[in-house]
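Engineer: Quick one, fold the following:
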Amino acid sequence: MAERETRDDGADMTGFAASPRRILEARWFLLAVAVVVAAAVYVTGLTVLQGALLYGVIVALVGLLPRAAPARQPAADRSPQADQTWPETGVKLLSEALPDPCIVLDRRGIVRYANRRAVEAFSIRPGEPVTFRLRVPDLLAAFDRVARGGAPERVEFLERVPTERWYSAWFARLDDGSRLGGFLALVLYDLTEQKRVDRIRVDFVANASHELRTPLASLVGFIETLQGPARDDAVARERFLKIMRDQATRMSRLIDDLLSLSRIEMKAHLRPSGEVDLGTVVRHVRDALEPLARELGVEIETVLPAATAIVVGERDELIQVFENLIENGCKYGQSGGRVVVTVTSGSGGGPSVAVRDFGPGIAEDHVPRLTERFYRIDVDASRKHRGTGLGLAIVKHILARHHARMTVESRLGEGATFTVTFPQAAPVTKIDLGKIAVQDQHGEAS
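Structural biologist: Take a look at the predicted model:
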């Protein structure tokens, strides 16, 4: 019976049917044999007929002998994705086109690519386990389920450092789950603004109802008095109308401050990107508050550096910060007669601004609570100066958004110093999408 051969494509051929193909594949070997036989005929005593017969036998053997079957690779090894370590260029470009942070993970949880928004939000780098940056148990449990072949999942989680931020994480596989080298996509949606809006709505109702109750009660009482016993009393009417106007103005300032605080909280998770010169901001605030200082009998002195003190920030918000601090220094440190504002460029650290008054100072037990909403050291003095109790709370939230810190130093009878220190500007990381394809050829993460 003829010998059978199995082809690579799975079809079977008889040995005789396969002979021409084998001879064709061995043509260079047979050509070399022909040269050797011809040399033997020329050198030795072989006749041409004997040489031809010898060559024919060799050709027949080549055509009939079975060919060694090639070693088969396991099915997993033949898969183009089996040994793939880094995602393809198309996956990278697609992730960069998304409006949200996107991280491409392998099935072990190693980051294989992170788009620009993910790098900016989480400082995550390819080649590191995702647990280095995201250590939320519910998030990791969802990843394990999806990596084992489960359906895509969504998980909400809270990040508290450096600022409080809510995210919704979406896990999904980038293949059918049958290949060992498949990847998973982790897309993160920022829910911070939505959560803050809900919280602000609740806080606004609670705070507004508490703080507006007193002036509203006063207004209602004076209106009833003017409608009743004091209807024809011109002197009482003028006095009551003045008090009513003051109370209405207080409510207006309170609502303005609450709305301002709400707007700042809504974007607390967004880092400012502009450049601001602190010296220019302080000069602007000094000029704006000069009439108030003159009315209170206070002089505002500024000590500015020769060089510029540049910080990354939003100019209008920084103006609001130093307006609050310098105005408080003028009002509550009025007895000292002056307020000194010192700007330093920060040769060893970040730039800073110190606002010092020479008034009665602040008791030590009050200092930790100064930035709480509606906290007042002296309620009567605060109302006398038309304070709402929200100024330093606004300052705290603006500085948190700018990654700045404020310290307070005070001794009774020696005034108080509020110092705001900014971080040094860090270089902005940029990703060149044109280099992704070149880096992908070397099997490296972009």
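Engineer: which ones are touching the residue nearest to the spatial centre of the chain?
Structural biologist: Centroid check for the chain by Cα atoms, centre = their mean gives Ala121 as the closest residue, at 1.4 Å. Residues near Ala121 by Cβ atoms under 8 Å, 6 or more residues apart in numbering: Pro101, Leu188, Asp190. Quick note: C-beta positions are derived from backbone N, CA and C, even for glycine.
Engineer: Filter those down to the ones in strands?
Structural biologist: Leu188, Asp190 (DSSP state E).
Engineer: Let me have the contacts of Ala121 in JSON lines, extended by pLDDT and distance to Ala147.
Structural biologist: Output for the contacts of Ala121, formatted as JSON lines (pLDDT from 0 to 100; distance: Cβ to Cβ, whole Å):
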{"residue": "Pro101", "pLDDT": "92", "distance to Ala147": "19"}
{"residue": "Leu188", "pLDDT": "92", "distance to Ala147": "17"}
{"residue": "Asp190", "pLDDT": "90", "distance to Ala147": "24"}
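Engineer: Among the contacts of Ala121, which one sits closest to Pro152?
Structural biologist: Leu188 (14.0 Å; Cβ to Cβ).
Engineer: ok, the closest residue to the closest one other than its chain neighbours - contacts?
Structural biologist: Among residues not flanking Leu188 along the chain, Pro101 sits closest, at 4.4 Å (Cβ to Cβ, 6 or more residues apart in numbering). Counting by Cβ under 8 Å, 6+ apart, Pro101 makes contact with Ala114, Asn115, Arg117, Ala118, Ala121, Phe122, Val187, Leu188.
Engineer: can you pull the contacts of the fourth one?
Structural biologist: What it means is Ala118. Pro101, Cys102, Ile103, Ile124, Leu188.
Engineer: Would you mind putting the CA coordinates of stretch 143-161 into PDB?
Structural biologist: Extracted in PDB, the C-alpha atoms of stretch 143-161 (Å, rounded to 0.1, in the frame of the first residue of the first chain):
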ATOM      1  CA  PHE A 143     -11.500  43.800  37.900                       C
ATOM      2  CA  ASP A 144     -11.000  40.200  39.000                       C
ATOM      3  CA  ARG A 145     -14.500  39.200  37.900                       C
ATOM      4  CA  VAL A 146     -14.200  40.800  34.500                       C
ATOM      5  CA  ALA A 147     -10.600  39.400  34.000                       C
ATOM      6  CA  ARG A 148     -11.900  35.900  34.600                       C
ATOM      7  CA  GLY A 149     -14.500  36.300  31.800                       C
ATOM      8  CA  GLY A 150     -17.300  38.100  33.500                       C
ATOM      9  CA  ALA A 151     -19.500  40.700  32.000                       C
ATOM     10  CA  PRO A 152     -18.500  44.400  32.000                       C
ATOM     11  CA  GLU A 153     -19.100  46.100  35.300                       C
ATOM     12  CA  ARG A 154     -19.500  49.600  36.700                       C
ATOM     13  CA  VAL A 155     -18.200  50.600  40.200                       C
ATOM     14  CA  GLU A 156     -18.400  54.000  42.000                       C
ATOM     15  CA  PHE A 157     -15.600  54.900  44.400                       C
ATOM     16  CA  LEU A 158     -14.200  57.900  46.300                       C
ATOM     17  CA  GLU A 159     -10.700  59.300  46.200                       C
ATOM     18  CA  ARG A 160      -9.800  61.400  49.200                       C
ATOM     19  CA  VAL A 161      -6.200  62.400  48.300                       C
END
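Engineer: Val48: neighbouring residues, count only.
Structural biologist: 10 (other Cβ atoms under 10 Å).
Engineer: Relative to Ala40, how far out is it?
Structural biologist: 11 Å (Cβ to Cβ, to the nearest Å).
Engineer: Give me the mean pLDDT for the longest helix seen in the chain.
Structural biologist: Secondary structure of the chain per DSSP state H: the longest helix is helix 192-227. For helix 192-227, mean pLDDT is 77.
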